[in-house]
Structures are given as structure tokens and as C-alpha cells.
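Peer 1: Here is a sequence with its predicted model. Questions after.
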Amino acid sequence: MVKLYNSLTKNVEDFKSLHPLSVGMYACGPTVYQFAHIGNFRAYATADLLVRVLQYNDYDVNFVMNITDVGHLVSDADTGEDKLEKSAKKEGKTAWEVAEFYTDAFLKDYQALNLTPPATLCKATDHIKEQIDLIQRIEENGFTYTTPDGIYFDTSLLKDYGKLSSFDKTDAGFTRVDANDQKKNPRDFALWKFSPKSTPDSKRDMEWNSPWGKGFPGWHIECSAMSMKYLGETFDIHTGGVDHKEIHHPNEIAQAESVTHKPLAKYWLHSSFMLVAGQKMSKSLENTYTLYDLEKEGFSALDLRYLYFNAHYRQEMNFTFEALEAGANALKKLRQEIVKWDEAPDEEVEGERSRPEGTVREYEKRFLEAVNDDLNMSKALGVMWELVKSDNPSSAKSTALFKMDRILGLDLKAQSIEMRKEQGVIPGHIQALVEERQQMRKEKRFNAADHIRAQIKRLGYDIEDTVKGVKVRKI
Ligand code: AMP
Ligand code: ZN
């Protein structure tokens, strides 16, 4: 049984899907106006983990993610510029070009991190009609009002508005200097924004006709419109970063539930922030790292993936290069173990074959219990390492480990084959030293042979004398 913490009920609950063995899941995706940083990717890594855990439990997961390519304004109070239009001006491109460029960049990193591709990846700009239709329904239900700059949702009319969040309704903190004073209540939000009165300078790259005039959709409406289009009026799980719990998700719920009178999603999961030196990783604090920044330092996307498992998704995670390095080393060690198993045929552990082969299953069971316990990955990794270090036959260990890797997504099989290939290619100068050492041994000059062995080790290779001859391996 999968157990998940549901932000809506603020409890860990047994997961019960709306339909047997099938799950509809929506994840809030990126706003494509700049490179996504590794903090952003933590949110997608959590969604991916959840998909994998559900699939491991035999659910068929219909996974939908959006791409926000219009309407996300600089300020959460629905004022300020559209993030995409702003980026476009800065980069001397159109908003369309900016969206395409950063969507491609996002998908490249997404793939490198081995994140599960959504069955549907939907762009806000491809669903303008669906958004207009939904706003019309909200209007028909009496929840909208018009201001000089747009159509707004009146949050005071929805009695359980904000049920997901921890904010206090009077919420003075929300009324900031940039607050939009045309709004009736500070928490009201834009459903449709009018294009500014056109001067050549202010003309938007992205705008559409609507029953209310030319403009563009507010940020929140896309997720309600697209999630319901692809998953129905009520679906199983909705995920996103923890910041969405306060504004974006309450607004998604308001837009959907004010017209359907049904819950939008049954379970809401939020992943916590990645920090740097105790502060949220964010562009405005200039403390972000992209995957490319890590790659420049010699780390891989899978090293980062391993690092994500170190903290529970509901806990903040402080990013340091030391922690990343420790993760990278652990991953390397894991691959080395697999390579060793491949090289050490089970004859060597012949005695162990006669033992009851139940213990590997025991690890699998405990691993599953850990991941099913609200995605407890540090516990799951602990069990995985216990398995790796156990004295079970290597063939049984690798079968179990590769099964676990369906959740870990560390590509262990392919990566260890790759490592083995690399290790198999011994450079000429090392080979020459190995041969020289063999000669010394033949001549019984063992001190000289040991000396060469130490030299080989300093150069990063290890040699092992076996009955079949000398084995050389990169350390
Ligand atoms: P955005 O592209 O700004 O819409 O954000 C994409 C996702 O990244 C959202 O789900 C945010 O909650 C999440 N996010 C932003 N900053 C961080 C961070 N430092 N750590 C973890 N998640 C973050
Ligand atoms: Zn969303």
C-alpha cells in the first residue's frame, strides 16, 4: 500500500486511486523564460519519483505536465511584466523564440536526469481556447469582476478558498508595495489580462482575442483548464513545489471547483525547496546552479539525481558541492560493485548457492516498504546498500538491484557496462608496466615487482593476480 502525505488533509494517507490500478497525475511544469536550475528540477524529480513508485506498484499512470509559456507575471499579485515578454526584450528575441529555446533546454536536462517523460506535455499557448472557455464558465457562475486591466476571480465568494494553504485570510503580508489596488481582495487573481493600449513599444508578442477584448490568460487558469482537459474534472494526484501551496494551487482549485463543484484532485503533493547556504535557491538571490554548471565541474546529471535522494521530498535540502561529490562517489562505488559482480562469476560463491535464496527478497520487500512510505528514499537507499554489501550470490543481488533501479532511475545496468568498457581499455604505458612487472616476477625479483605495482597504483590502476592471469582495472 502506497502512503502519501496529502497537503489537503495535512495527513499521511493510504493512497486509493479513483479507478482501480490507474492514476491520473498532473505536475506543474516550468515557466520557460530562463534556464531551469537544480532547485526547480528537484520539484520534477519528486514528481518523477512518485510516478516510478506508482508504476512499481502496478499502477498505470497517466502523467500530465504543463509548460508555462505565457501569462506568468513577475509579481504574484498579478502586476508587473510577463516573465516571457520581459526575457524576450532583454534577449532581443520574441516571446515565442524565448519559449521555444528554454523549452528545448528544459527538456534536454529533463532527459539527462532520466525523468519520466509525461504522457502529455501541454503548453499554455496551445490551449487558449480551453482557458477562455473555462473563464466563461467561471463568469457564468458569478465569480468574476472586471478592472481596467483584466478579468479577476473574486476569492471572497468561494467559501473554502485557500483550504490547501497555511495563510491567514487577512494576510497583510500579501498586500505588498506591488499589490494591484484595482482588486477587491488582496488574494483575488487575474483570469484574463488585457493587452496594454497599443503603442509600438508596448505591443505584446503573445496576445489573443477573447470575449473580453485582446489580451492573454492569467497564469493559474492554464493548469485548471489543461488538467481537466486531459485528466477529467477530478483526478488523483496534483504535484508542485511548496510555494505553489500558497497561491497557484489554491487558485487552480478555485477556478475548477467554482464551476464543477467537485474536488479538482484528491491528493496534493508538494516538494520542498533546495537551499544554498540556508537560503532558497533562486534567480533573484543569484545563488542558482544549472545542470550545466555542475557538468562544468565534472559532475553528471545522474550524480545530481543520486543527491536528490538524500533528503526526503518534504524536507528542505541544502545544496553543497561536498554533498554532490559524496553522492557522485557513492554512485561510482555502486557501479564498481556491479562491475565486480559481472567479473566474479558465481562459482566463486558456490557455497552460498545452497543457502535458501530468501534473503534477497527480504531486501526487495524492505525497499518497497520504504518507497511506499511517503517516498522515504534515504531509507530505501540504506536498504539498497545493505543488499549490495550482503553476501548473497552476485547474480541474485544484481537482479534485485536492477529491479530497485526502476525506481532509482540511476541507469545502473547501462552505466556499469559503460564503466566496464572504460576499465577494459588499459593505456599502453600501463600495459607496458604490467608486462615489466610480470617479467620481474618470472625472474623472482619480487621487490622490484612490488615497486612497479605501487607505481601502477599511483597512476590510477589496480592489478590483481588471478589463476587466469593478471587483471588490470582502473581505480
Ligand atoms: P517556475 O519555473 O518558476 O514556475 O518554477 C518551477 C518549479 O520549481 C515550481 O514548482 C517551484 O515551486 C520550484 N522551485 C523554484 N525554486 C525552487 C527551489 N529553490 N527548490 C525547489 N524547487 C523550487
Ligand atoms: Zn500549475
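Peer 2: Arrived safely. Ligands and ions are numbered 1, 2, ... in the order given.
Peer 1: Any regions of the stretch 51-200 of the chain where pLDDT drops low?
Peer 2: Residue ranges of the stretch 51-200 of the chain with pLDDT under 70: 77, 79, 167-180, 198-200.
Peer 1: Would you mind listing what in the stretch 151-300 of the chain touches ligand 2?
Peer 2: For the stretch 151-300 of the chain, the residues in contact with ligand 2 (CB under 5 Å from the ion) are Cys223. C-beta here means a position set from N, CA and C on the backbone, and glycine is covered the same way.
Peer 1: what are the ranges of the helices in the stretch 151-300 of the chain?
Peer 2: For the stretch 151-300 of the chain, the helices defined by DSSP state H, counting those that start in this stretch occupy 221-231, 248-260, 291-296.
Peer 1: can those helices go into a markdown table with extra columns for distance to Ser87, mean neighbour count and mean pLDDT?
Peer 2: Compiled in a markdown table, the helices of the stretch 151-300 of the chain are given as follows (distance: least, CB to CB, whole Å; neighbours: other CB atoms under 10 Å; pLDDT from 0 to 100):
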| stretch | distance to Ser87 | mean neighbour count | mean pLDDT |
| --- | --- | --- | --- |
| helix 221-231 | 18 | 25 | 98 |
| helix 248-260 | 20 | 24 | 97 |
| helix 291-296 | 18 | 15 | 97 |
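Peer 1: so which of these comes closest to Arg453?
Peer 2: helix 291-296 (34.8 Å; CB to CB).
Peer 1: is ligand 1 contacted by that closest one?
Peer 2: No. Judged by CB under 6 Å from any ligand atom, helix 291-296 stays clear of ligand 1, getting no closer than 13.9 Å.
Peer 1: residues in contact with the residue in the stretch 101-250 of the chain that ligand 1 sits nearest to?
Peer 2: Residue nearest to ligand 1 within the stretch 101-250 of the chain: Gly241 (1.7 Å; CB to the nearest ligand atom). Counting by CB atoms under 8 Å, 6 or more residues apart in numbering, Gly241 makes contact with 28, 40, 42-43, 270-271, 273.
Peer 1: Mind doing that once more with 10 Å?
Peer 2: 28, 39-40, 42-44, 46, 248-249, 270-274 (CB atoms under 10 Å, 6 or more residues apart in numbering).
Peer 1: Same check on Lys163?
Peer 2: Lys163 is in contact with 7-9, 250, 253-254, 257, 263, counting by CB under 10 Å, 6+ apart.
Peer 1: Which of those sits closest to Ser210?
Peer 2: Distance to Ser210, by CB to CB, is smallest for Ala254 among the contacts of Lys163, at 19.7 Å.
Peer 1: Helices of the stretch 1-150 of the chain, start to end?
Peer 2: Under DSSP H, counting those that start in this stretch, the stretch 1-150 of the chain gives helices at 38-56, 83-91, 95-112, 128-140.
Peer 1: wait, does the first one make contact with ligand 2?
Peer 2: Pointing back at helix 38-56 there. No. Residues of helix 38-56 are not located near ligand 2 by CB under 5 Å from the ion, the shortest gap being 10.9 Å.
Peer 1: of all the contacts of Gly241, which two lie farthest apart?
Peer 2: His249 and Met274 (19.4 Å).
Peer 1: would JSON lines of the helices of the stretch 151-300 of the chain with distance to Met65 be doable?
Peer 2: Below are the helices of the stretch 151-300 of the chain laid out as JSON lines (distance: least, CB to CB, whole Å):
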{"stretch": "helix 221-231", "distance to Met65": "10"}
{"stretch": "helix 248-260", "distance to Met65": "14"}
{"stretch": "helix 291-296", "distance to Met65": "18"}
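Peer 1: For the most far-flung residue of the chain relative to its centre, give me its contacts.
Peer 2: Here the chain reaches farthest from its C-alpha mean at Glu443, the gap being 58.8 Å by CA atoms, centre = their mean. Shown in contact with Glu443 (CB under 10 Å, 6+ apart): Ala449.
Peer 1: Could I get the pLDDT score of it?
Peer 2: pLDDT, Glu443: 93.
Peer 1: Dihedrals phi and psi, it?
Peer 2: phi -80, psi 10 (degrees, to the nearest 10).
Peer 1: all numbers from here: first residue = 11
Peer 2: Sure thing, new numbering starts at 11, so read that last one as Glu453.
Peer 1: Pull out the buried positions in stretch 411-431.
Peer 2: 411, 414-415, 417-420, 422, 425-426, 429-430 (16 or more other CB atoms under 10 Å).
Peer 1: near ligand 1, which residues of the chain show up?
Peer 2: Within the chain, the residues that sit near ligand 1 (CB under 6 Å from any ligand atom) are 38, 40-41, 49-50, 52-53, 250-251, 253-254, 283-284, 290-292.
Peer 1: In strands, which of these fall?
Peer 2: 250-251, 284, 290 (DSSP state E).
Peer 1: State the distance from the closest residue to His254 other than its chain neighbours to Glu150.
Peer 2: Distances taken as CB to CB, 6 or more residues apart in numbering place Cys38 nearest to His254, at 5.9 Å, with adjacent residues excluded. Using CB to CB, to the nearest Å, Cys38 is found at 26 Å from Glu150.
Peer 1: which of these two has more neighbours?
Peer 2: Neighbour count, other CB atoms under 10 Å: between Cys38 and Glu150, Cys38 has more, with 22 against 10.
Peer 1: Count the residues that sit near His82.
Peer 2: His82 has 20 nearby residues by other CB under 10 Å.
Peer 1: hang on, isn't it packed against Gly228?
Peer 2: Yes. Checked against CB atoms under 10 Å, the pair His82 and Gly228 is within contact range at 9.1 Å.
Peer 1: Please name the residues that touch Gly49.
Peer 2: Here Gly49 is in contact with 251, 283-286, 290-293, 297-299, 327, 329 (CB under 10 Å, 6+ apart).
Peer 1: in those residues, which two residues are the furthest apart from each other?
Peer 2: Lys293 and Met327 (18.1 Å).
Peer 1: With just CA atoms, put stretch 15-23 into PDB.
Peer 2: Provided in PDB are the C-alpha atoms of stretch 15-23 (Å, rounded to 0.1, in the frame of the first residue of the first chain):
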ATOM      1  CA  TYR A  15       1.300  13.000   2.700                       C
ATOM      2  CA  ASN A  16      -1.700  14.900   1.400                       C
ATOM      3  CA  SER A  17      -1.300  18.700   1.700                       C
ATOM      4  CA  LEU A  18      -5.100  19.000   1.500                       C
ATOM      5  CA  THR A  19      -5.800  16.900   4.700                       C
ATOM      6  CA  LYS A  20      -2.300  17.600   6.200                       C
ATOM      7  CA  ASN A  21      -2.000  13.900   6.900                       C
ATOM      8  CA  VAL A  22      -0.200  10.800   5.600                       C
ATOM      9  CA  GLU A  23      -2.900   8.800   3.900                       C
END
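Peer 1: Many thanks, have a good one.
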